[in-house]
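# One predicted model, sequence on top.
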Amino acid sequence: MHNFTPIASLLGGMLIGLSAAAMLLLDGKIAGISGILAGVLKPIAGDTLWRVCFLTGLLAGGIALRILLPTAFDFGIIRPLPLLIIAGLLVGFGTRLGSGCTSGHGVCGVSRLSPRSLVATGTFVFTGALTVYLFNHLTGN
Amino acid sequence: MKALLTSFASGLVFALGLGISGMTRPIKVIGFLDFFGAWDASLAFVMVGAIAVYFVAYRIRATMPAPLLAPKFAMPTRHDLDVKLILGAAIFGAGWGLGGFCPGPALTSLASGAMPVFVFVVAMGLGMYLHSWVTEIRATTSGLTVSPANTTQDA
């Protein structure tokens, strides 16, 4: 096992939990990124502005990282563009069909012990691992 | 206004958490999903940290009649498991393993200015539109079933 960063990952995870907790206890919303984005791409009257604010915050946080922690964008692996396009289409389509992603299902839903989110999280970790396994074997990594 | 500021601040803290934890780096994500190779368990700690905090918050919520800055809680109400949920999660997982990005880290990484991230985010948005088009087509041509999986492959 290399590149193991348990402390940083635990601290970062707690910040993610804190952010999602603030959305819940202050605004009464689930911090699911794919759902928040989808609500901006197909706006519903009166339910869009908070989403734009959250996404603006996400980008502002990205800019802060670029200044304070540029290593956050040492991607390490960047797949060729055609594969990234396929991956993006699958992520966009799949998160809508499955009503959530790593944040909505993986963090918020699993914490609520929602059966739907537990099943969804188990499923996307499994197919993610399967994809990595197949990719590495097909490309000889 | 305070609720909107909370949304902005939460988005900002969320992005910092993603960056500090390693979620914005596909090498970490793909390393975590590589159970049969050089497994990097770090991202399991992201889940543990986030869930530990949110689990407590959800227990606090149970004692509150309403959120502090909004009239009511907007919570998911469904408990049923259906094919869409499982198929959707399976498709998402495949894309996540292939590219190493899920939605939050991809949007945060736009700030890096890296062109491949931009391409991924545009494709992700198109995937979301594709889903709503398929849903609308299915709603208007009831009786004809369009398989979402096949539609995705055709794209």
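Yep, that arrived. For clarity, every value in this text was computed on a predicted model and none was experimentally measured.

# So which bits of the strand or helix carrying A:G88 are buried?
Take DSSP states H and E as the rule and A:G88 turns out to sit in helix A:81-97. For helix A:81-97, a neighbour-count test (16 or more other C-beta atoms under 10 Å in any protein chain shown) marks A:84-97 as buried. All C-beta spots, glycine's among them, are computed from the backbone N, C-alpha and C.

# which other helices and strands contact it?
Judged by 3 or more C-beta pairs under 8 Å, 6 or more residues apart in numbering or on different chains; DSSP states H and E, helix A:81-97 is in contact with helix A:33-41, helix B:83-99, helix B:103-109, helix B:115-140, helix B:148-154.

# and these as a markdown table, adding mean neighbour count and distance to A:A120?
Converted to a markdown table, these look like this (neighbours: other C-beta atoms under 10 Å in any protein chain shown; distance: least, C-beta to C-beta, whole Å):
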| stretch | mean neighbour count | distance to A:A120 |
| --- | --- | --- |
| helix A:33-41 | 22 | 11 |
| helix B:83-99 | 24 | 4 |
| helix B:103-109 | 29 | 14 |
| helix B:115-140 | 18 | 15 |
| helix B:148-154 | 15 | 15 |
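
# Indicate which one of the ones you listed is closest to B:K72.
helix A:33-41 (17.2 Å; C-beta to C-beta).

# now the angle between helix B:115-140 and that closest one, please.
Angle, helix A:33-41 to helix B:115-140, by axes from the mean of the first three to the mean of the last three C-alpha atoms, to 10 degrees: 70 degrees.

# got a list of what the closest residue to B:G104 other than its chain neighbours touches?
Nearest residue to B:G104 in three dimensions, chain neighbours excluded: A:I33, at 4.0 Å (C-beta to C-beta, 6 or more residues apart in numbering or on different chains). Residues near A:I33 by C-beta atoms under 8 Å, 6 or more residues apart in numbering or on different chains: A:58, A:101-104, B:14, B:102-104, B:107.

# tell me the pLDDT at A:I33?
We have a pLDDT of 98 for A:I33.

# which among the buried residues of helix A:81-97 gets closest to A:V125?
A:G94 (13.2 Å).

# where does the most centrally placed residue in chain A sit relative to B:G113, distance-wise?
Note on chain A: the residue nearest the mean C-alpha position is A:T102, at 4.6 Å, using C-alpha atoms, centre = their mean. Per C-beta to C-beta, to the nearest Å, A:T102 is found 23 Å from B:G113.

# now do A:I86
Distance, A:I86 to B:G113, by C-beta to C-beta: 23 Å.

# ok, now A:G12?
Using C-beta to C-beta, A:G12 is found at 22 Å from B:G113.

# Pick out whichever of these two has more residues nearby.
A:G12 (27 against 12; other C-beta atoms under 10 Å in any protein chain shown).

# That one: what's it in contact with?
Per C-beta under 8 Å, 6+ apart, neighbours of A:G12: B:16-23, B:46, B:49.

# go with 10 Å
By C-beta atoms under 10 Å, 6 or more residues apart in numbering or on different chains, A:G12 lies in contact with A:5, A:72, B:16-24, B:42-43, B:45-46, B:49-50.

# so where does it fall, helix or strand?
Assigned by DSSP H and E, A:G12 belongs to helix A:6-22.

# Could I get the buried residue list for that helix?
For helix A:6-22, the neighbour count (16+ other C-beta under 10 Å) marks A:8-22 as buried.
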